[in-house]
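> just a sequence and a predicted model for now, questions to come.
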Amino acid sequence: MPAKIRINPVLVLSSLIMVRDGVRAGVAAARLPISLVSHDRAAGTLMHWRGVENSEIALWALYTSRRLLSARVSAFLEFLKQALPKGTPEELAAYIGG
């Protein structure tokens with residue numbers, strides 16, 4: 001049976017980028033998407049404890065109406081489909097650049 005860690009948060013941030021920066025600075029531990037930390041893991045600056053089972057990642061593009069979709073929004077949605085055909089965290093990490 002894996003060890004359990006009791007969490008007592010002393011700071012809550014609304015941005016995963018800020019959380020990641022705290023982890024990078026060595027003042028925090030966090031559960032973060034692979035897309036945000038894959039470059040740090042590859043460089044050996046962050047450690048991966050273990051994966052979280054059944055943890056899915058979703059990327060949502062919200063817009064007001066499909067009927068009145070602007071050319072810019074339509075082009076952006078098409079770009080997302082081409083850039084992330086499988087929807088994997090690794091594909092997203094390639095665009096984030098860490």
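Received it, and whenever you're ready, just let me know what you need. It should be emphasised that the depicted structure is a prediction, and the values quoted were computed from it without experimental measurement.
> what about Ala30, how many residues close to it?
Using other C-beta atoms under 10 Å, Ala30 is surrounded by 14 other residues. Glycine gets a C-beta too; all of them are placed from N, C-alpha and C.
> ok, it - contacts?
Residues in contact with Ala30 (C-beta atoms under 8 Å, 6 or more residues apart in numbering) are Val19, Arg20, Gly22, Val23.
> give me the pLDDT for the residue sitting nearest the centre point of the chain.
Central residue of the chain (C-alpha atoms, centre = their mean): Pro33, 3.8 Å from the mean position. Looking at Pro33, its pLDDT is 84.
> cool, the one 5 residues further on as well?
Model confidence at Ser38, given as pLDDT, is 86.
> element containing it?
Using DSSP states H and E, Ser38 sits within helix 34-43.
> list the buried residues in that helix.
Within helix 34-43, the residues that count as buried by 16 or more other C-beta atoms under 10 Å are Ile34, Ser35, Leu36, Val37, Ser38, Asp40.
> against which helices or strands is that helix packed?
Packing contacts for helix 34-43, counted by 3 or more C-beta pairs under 8 Å, 6 or more residues apart in numbering; DSSP states H and E, involve helix 16-24, helix 89-96.
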